[in-house]
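Engineer: Output the structure for:
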Amino acid sequence: MESIQENCSFLNARAPSVFYGNKLYQAPRKNLCTLFDEEERNSIKVYLRIKPDLKPRILGPPQDELFTVKSPTQLVTKFSKDSVSHEFQFTKVFKSDSTQEDVYSQSVHGLMADFINGQNCLLFAYGTSSAGKTYTIQ
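Structural biologist: Numbering: from 1, shown residues only. Okay, the predicted model is just below:
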């Protein structure tokens, strides 16, 4: 007769990779653009869509105190725990008042045309839960 332990199946929990002791683990920063040559860098497009801040925030400051859209391709953070402003460069920054049609026509439409013409394409949506990734792609 088999013992219960031989018949059981379970997963062991893994140690959290984010925490190192009692401190948050800080991974060394790396410029990922160095992994690509100039032609590959120009073929990768990164778009940022800012979700509308519909409800007043209970925790944390409102969006306009966190960042500023400096230009159609640049976003500057105003607030961070190290009190240093950071600037980020994108192919295009869609402000919170951008419509679905704006996002589609300026970021996805060209990919869809290429796909229909037989080219390989990749559309990758990244963001937090309930940020609107599925809504944006649909």
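
Engineer: Pull out the buried residues from stretch 98-109.
Structural biologist: For stretch 98-109, the neighbour count (16 or more other Cβ atoms under 10 Å) marks S98, V103, S107, V108 as buried. For every residue, glycine as well, the C-beta is placed using N, CA and C.

Engineer: before we move on, what about stretch 130-138?
Structural biologist: Applying 16+ other Cβ under 10 Å to stretch 130-138 flags T136 as buried.

Engineer: Quick one: residues in contact with it.
Structural biologist: Stretch 130-138 has contacts (Cβ atoms under 8 Å, 6 or more residues apart in numbering) with R49, K51, Q100, V103, V108, L123, A125, Y126, G127.

Engineer: In TSV: these, plus pLDDT and secondary structure.
Structural biologist: Shown next, in TSV, are the contacts of stretch 130-138 (pLDDT from 0 to 100; DSSP: H, G, I helix; E, B strand; the rest coil):
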residue	pLDDT	secondary structure
R49	87	strand
K51	79	coil
Q100	85	helix
V103	87	helix
V108	87	helix
L123	85	coil
A125	83	coil
Y126	84	coil
G127	81	coil
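
Engineer: For this structure, give the helix that spans the most residues.
Structural biologist: helix 109-116 (DSSP state H).

Engineer: May I have that one as CSV, with CA atoms only?
Structural biologist: Only the C-alpha atoms of helix 109-116 are listed here, as CSV (Å, rounded to 0.1, in the frame of the first residue of the first chain):
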residue,chain,number,x,y,z
HIS,A,109,-2.1,50.6,-36.9
GLY,A,110,1.3,50.3,-38.6
LEU,A,111,2.0,47.0,-36.9
MET,A,112,-1.4,45.6,-38.0
ALA,A,113,-0.7,46.6,-41.6
ASP,A,114,2.8,45.0,-41.4
PHE,A,115,1.2,41.8,-39.9
ILE,A,116,-1.5,41.6,-42.6
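
Engineer: Show the end-to-end separation of stretch 111-123, please.
Structural biologist: 8 Å (Cα to Cα, to the nearest Å).

Engineer: Okay then, goodbye and thanks.
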